[in-house]
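In: Kindly return the folded structure for what I paste below:
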Amino acid sequence: MTPGSLECLGCGARRFVLSPVRSNLETGECPRCGYVGWASPNDLNEFTRRALRDRPVERRRLRAAS
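Out: Model (predicted):
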């Protein structure tokens, strides 16, 4: 992931990072909701955002399309 902004997969809060991120755990938890899942806003569309936020946290698992 290149430096820039990340979007919380739990609440949509944005976080800006200066260095490349190798894993979601490096970014820590979201200051707004405490969730630790992050993605580049460019990798998400409205359907994906809604699908992730409407699903209970314990059932969230995003599989990469091949």
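
In: Can you classify the nearest residue to residue 12 once chain neighbours are set aside by secondary structure?
Out: Leaving aside its sequence neighbours, residue 12 sits nearest to residue 49 (Cβ to Cβ, 6 or more residues apart in numbering; 6.9 Å). C-beta: built from backbone N, CA, C; applies to glycine. Of the three states, residue 49 takes helix according to DSSP: H, G, I helix; E, B strand; the rest coil.

In: what about residue 49, how many neighbours?
Out: 15 (other Cβ atoms under 10 Å).

In: Residue 15 reaches residue 6, doesn't it?
Out: Yes - applying Cβ atoms under 8 Å as the test, residue 15 and residue 6 come out as touching, 4.9 Å apart.

In: shared neighbours, these two?
Out: By Cβ atoms under 8 Å, 6 or more residues apart in numbering, residue 15 and residue 6 have these common neighbours: 27, 38.

In: For the two, indicate the residue with more neighbours.
Out: Per other Cβ under 10 Å, whichever of residue 15 and residue 6 has more neighbours is residue 6, with 21 against 15.
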